[in-house]
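>>> sequence plus predicted model, see below.
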Amino acid sequence: MVSERVGQYIEKKGISYYAFENSLGASRGSISKAVKEGKSIGSNVLENIIATYPDLNPVWLLSGVGEMFVTNEEIVANKSIETFRLKTDRNLENQQIPLYDIEAVAGLVPLFQDTNAQKPIDHISIPHLPKCDGAVYITGDSMYPLLKSGDIVLYKEVNDIKNEIFWGEMYLLSIDMSDEEYVTVKYIQKSEQQGYVKLVSQNKHHQDKDVELSKIKALALVKASIRINSMN
C-alpha cells in the first residue's frame, strides 16, 4: 500500500513525521495518521512528496516495484538547475549541501546563528557548483517566473551585511517586520534614501520597496536554484 511505503521511506530517511509534513505544507498529523491507519493518500499530496523528495523513486512509491531510492544521476536528470555566479566564484567538484526546513528551525536568523544545532531534512549533491552553505524551499511568487513557490534555493551566507552586499545580485533575506520575521528572495539595489536598500522583485506585479538596512537580520547570496520536474 502506498501509505505503508511512505512510512517506510520516512523511517529510512530518519526524519520525524512532523518535519516531513512540514516540508510538504501538509497539516500536522495528516500523513502520520494515514500511514498508521493504512489510509490512502491523495494524489496531490503524492505529487508533492515526489517533487519535494527527489531521491524517492516514484515507481517504487506508487507500485512497490524497484528500489526505494534513485541514484544521484537520476535525480539530477529530473531537475532544472539555474546558477547565479559571481566572477570570483570557484566551483567545487563535489559538496554535500544541507537542505533545511525554515519553519522547523523557526526562520533564517536562528538557522544562521547556529547552523550546527539544526538538523537538515536532506542533503543535495550537485557537481560543479560554487560553495554553498545550505538550501531551503521558498514560497511566494515575487521572483516568478525565475523562481516559483516550491523551488529550492542554494545560498552562501553573508556575515557582514553592511559591507558585503553585491548590488544587483539576488539574495535570500530575513527582514524584521514589526517584531516578526519575513523571509523572502529579492534583488538588492542601492536606495536613494540614506541607510536604506531597495528590494526588487522579478515579478513586475510586485512593487519595489525601500527598507532600512538595519531591518535585515539575516542575509545570504543566492548561488543556484532547483526546480523539480516530476510526474512527467
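Looks like it came in fine.

>>> please make it C-alpha for all contacts and neighbour counts, starting now.
OK.

>>> biggest helix in this protein, by residue count?
helix 2-13 (DSSP state H).

>>> what packs against the very next helix or strand once past that helix?
Toward the C-terminus, helix 2-13 is succeeded by helix 17-24 as the next helix or strand (DSSP states H and E). Using 3 or more CA pairs under 8 Å, 6 or more residues apart in numbering; DSSP states H and E, the elements in contact with helix 17-24 are helix 30-37, helix 43-52.

>>> least reliable of the ones you listed going by mean pLDDT?
In terms of average pLDDT, helix 43-52 trails the rest of the helices and strands packed on helix 17-24, at a mean of 83.

>>> and the angle for that one with helix 30-37?
Interaxial angle, helix 43-52 versus helix 30-37 (axes from the mean of the first three to the mean of the last three CA atoms, to 10 degrees): 110 degrees.

>>> how far off centre is helix 43-52?
Relative to the chain's own centre, helix 43-52 is displaced by 16 Å; criterion: CA atoms, centre = their mean, to the nearest Å.

>>> ok, Lys148 touching Thr139?
Yes. Taking CA atoms under 8 Å as the definition, Lys148 is a contact partner of Thr139 at 7.1 Å.

>>> point out where this structure drops to low pLDDT.
Residues of the chain meeting the criterion pLDDT under 70: 71-79, 105, 229-232.

>>> what are the pairing partners of the top strand by length along it, and which direction each?
As assigned by DSSP state E, the longest strand anywhere in the chain is strand 216-228. With DSSP bridges as the test, strand 216-228 is paired with strand 79-83 (antiparallel), strand 152-157 (antiparallel), strand 170-177 (antiparallel).

>>> show me what the very next helix or strand once past the shortest one packs onto, helices and strands only.
When you say that, I think you mean strand 79-83. Downstream of strand 79-83, the next assigned helix or strand under DSSP H and E is strand 91-92. On a contact count with 3+ CA pairs under 8 Å, 6+ apart, strand 91-92 meets strand 129-130.

>>> quick one: strands adjacent to the strand it packs on?
strand 91-92 (antiparallel).

>>> what's the very next helix or strand once past the strand it pairs with in contact with?
Sequence order places strand 97-100 as the next helix or strand after strand 91-92, per DSSP H and E. With CA atoms under 8 Å, 6 or more residues apart in numbering as the contact definition, strand 97-100 has outside contacts at 119-125, 132-137.
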